[in-house]
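Q: Here's a sequence, model it:
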Amino acid sequence: MTTKSSENLYTLDGRVPLFKALPFGLQHVLAMFVSNITPIIILANVVGIEKGVTASLIQNCMIIASIGTLIQLYPIWKIGSRLPIVMGLSFTFLSVAISIGTTQGMGTLMGAVIVGGIVEGLLGLCAKYWLKLIPHVVAATVVTSIGFSLLPIGANSFAGGVGASNFGAAENWIVGSVTLLVCLLTQIFAKGFLRSLSVLVGLVVGYILALCMGMVDFSGVMDCSIISLPTFLPFKPEFHVGPILSIIAIYLVSATETVGDTSALVNGALKRQIHKVEMGGAISCDGFVSSISGLFGCTPITSFSQNVGLASLSGVVNRFAIGTSAVVMLLGGIFPPFGRLLSTIPQAVLGGCTIMMFGSILFAGFGMMAKSGFSQRNMIITSLSLSVGLGFTSASKMFEIFPQIVQMIFAENCVAVVFLLAVILNLVLPKENSFSK
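A: Just a heads-up that it's a prediction; the model follows:
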């Protein structure tokens, strides 16, 4: 019988005393907590979902994140990687989710999320047959485009939120700037664990400042039961081909992110190469749990890069320790007042936090490019994919000559354009040693 020991925190399957495991699990919750709830808050604000429903969605996304994390840690059949991965709502889908939600409604968005998740889940089960189509340079290009596509969303939140009566007002500038400054100073000057919580520290300070300035509305926070089960089907799913294809394209992009995250985790924290069965399990978990997420009114989930970095930094990879974080999220998700309290966070505070988070996605893309190498072939793949993807979608009216389904997938979705072009270029360009001939 294996003895419980604190030293087992640094092994995948060692037994760890609960009182030792819990603090390390909590730090993973704190590292991803803000990032997990922010996409649904931003989406709800832009689409115009009422506060009570928003609070319920926050509950649901916490519960879904906990379910996804537990399945990654303790797989069901071939679904899950058995790696110390923490799951949460993905920013990757935010721009296209806002587009679909505002134009065709949340029901259409949820229908696309459910179908797309099943597609990604099935792709994960047969990942060994197609992973070779997404080399590192393609993944790096896609991640960079995601960072660029999210910057306007962060800026709009910083100014008070799209459609806000005080958009761009002085109080939003003040709160957003202070939040961003605190995030930055914490990241630069804090040490150890506190540094990994720079976004949370900024959010707390920004929230307190907004509270002092009278920008926080607590009405309705306690107008609910203390304990409540998650809301199933808050939006009736509707299934339309255009949005489904658009979301599937982003699921493919999300799969490339998962490839990068899981590879980084295994290399950095476990000090070995990843196995194909682990990669396939991680992707299938992303997909199938994302379908469940759609049933609860939430956007898709994925592995969290910040938790990958935390595992590599701390060396804590024990599945039981990470599993305690999932249990904490699950318990937090069944208390409605907690979700409603979170929904009172002003958009300017979220904007101050997300500007830094979105910038970190850009930086991650640049880092992946550096690891891929700056060869002529990679330069062509990256530069052409980004210039066409970002440039063409910034002038989206140029797509009006194409059928509606093409417009839905590509006109305002630079990530889909970048992904498709990068994959095609990688397939058709001659190999590196042919460029000099």
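
Q: Find the centremost residue of the protein, please.
A: The residue lying closest to the centre of the chain (C-alpha atoms, centre = their mean) is S90, at 2.2 Å.

Q: which residues does the closest residue in space to M106 that isn't next to it in sequence contact?
A: Nearest residue to M106 in three dimensions, chain neighbours excluded: F235, at 4.2 Å (C-beta to C-beta, 6 or more residues apart in numbering). C-beta here means a position set from N, CA and C on the backbone, and glycine is covered the same way. F235 makes contact with G105, M106, G107, L109, M110, G297, according to C-beta atoms under 8 Å, 6 or more residues apart in numbering.

Q: What is the three-state secondary structure of F235?
A: coil (DSSP: H, G, I helix; E, B strand; the rest coil).

Q: I274: which element?
A: Here I274, judged by DSSP states H and E, is contained in no helix and no strand.

Q: Give me the pLDDT for F158.
A: On pLDDT, F158 comes in at 90.

Q: which residue packs closest to it, ignoring adjacent ones?
A: G351 (3.0 Å).

Q: What distance do you get for the one you found to G367?
A: From G351 over to G367 the distance is 25 Å, taken as C-beta to C-beta, to the nearest Å.

Q: which of the two has more neighbours?
A: Per other C-beta atoms under 10 Å, whichever of G351 and G367 has more neighbours is G351, with 27 against 14.

Q: I'd say L43 and S99 touch.
A: No: using C-beta atoms under 8 Å, L43 is not in contact with S99; the gap is 10.6 Å.

Q: Which of those two has more residues huddled nearby?
A: Using other C-beta under 10 Å, the more surrounded residue of L43 and S99 is L43, with 24 against 18.

Q: Can you tell me the element that one falls in?
A: helix 18-47.

Q: and if you look at G352?
A: Following DSSP H and E, one finds G352 within helix 347-372.

Q: Can you spell out which helices and strands pack onto the following helix or strand past that helix?
A: Beyond helix 347-372 on the C-terminal side, the first helix or strand identified by DSSP H and E is helix 376-394. Packing partners of helix 376-394 (3 or more C-beta pairs under 8 Å, 6 or more residues apart in numbering; DSSP states H and E): helix 136-158, helix 347-372, helix 414-428.

Q: Show the contacting residues for the residue nearest to the centre of the chain.
A: By C-beta under 8 Å, 6+ apart, the contact set of S90 is P39, S254, E257, T299, P300, I301, T302.

Q: Quick check: the gap between the closest residue to it other than its chain neighbours and F363.
A: Of all residues not flanking S90 in the chain, T302 sits nearest, at 4.1 Å (C-beta to C-beta, 6+ apart). As judged by C-beta to C-beta, T302 and F363 stand 18 Å apart.

Q: With F218 instead?
A: 36 Å.

Q: what's the answer for W77, then?
A: Look at W77 and F363: by C-beta to C-beta, they are 37 Å apart.

Q: Those two: who's more crowded?
A: F363 (12 against 8).

Q: quick one on the thing from earlier: deepest in the core, which of the helices and strands packed on helix 376-394 is it.
A: By mean neighbour count, with neighbours taken as mean count of other C-beta atoms under 10 Å, helix 136-158 ranks first of the helices and strands packed on helix 376-394 at a mean of 23.

Q: Could you point out the helix or strand that follows that one?
A: That would be, after helix 136-158 and using DSSP H and E, helix 170-189.

Q: Next, the angle helix 136-158 makes with that next one.
A: If you take axes from the mean of the first three to the mean of the last three C-alpha atoms, to 10 degrees, helix 170-189 sits at 140 degrees to helix 136-158.

Q: Now do helix 170-189 against helix 347-372, angle only.
A: 40 degrees.

Q: Mind listing residues that contact helix 170-189?
A: By C-beta under 8 Å, 6+ apart, helix 170-189 touches 158-160, 164, 166, 194-195, 197-199, 201-203, 205-206, 209-210, 213, 215, 346-349, 351-353, 355-356.

Q: what's near enough to touch the spatially closest residue to I118 that is not a sequence neighbour?
A: In space, and not counting its chain neighbours, I118 is closest to S291: 5.3 Å by C-beta to C-beta, 6+ apart. Shown in contact with S291 (C-beta under 8 Å, 6+ apart): V113, I114, V115, G116, G117, I118, G121.

Q: With V142 instead?
A: V253, T256, E257, G365, V415, V418, F419, A422.

Q: separation between the first one and G359?
A: The gap separating V253 from G359 is 19 Å, by C-beta to C-beta.

Q: try the last one
A: Relative to G359, A422 is positioned 22 Å away (C-beta to C-beta).

Q: what does Q72 give?
A: To G359, Q72 is 27 Å away according to C-beta to C-beta.

Q: before we move on, what about V277?
A: Per C-beta to C-beta, V277 is found 34 Å from G359.

Q: Doesn't G214 lie inside a strand?
A: No: counting by three-state DSSP, G214 is not part of a strand but coil.

Q: burial of it, as a residue count?
A: Residues lying near G214 (other C-beta under 10 Å) number 8.

Q: got the contact list for it?
A: Contacts of G214 (C-beta under 8 Å, 6+ apart): none.
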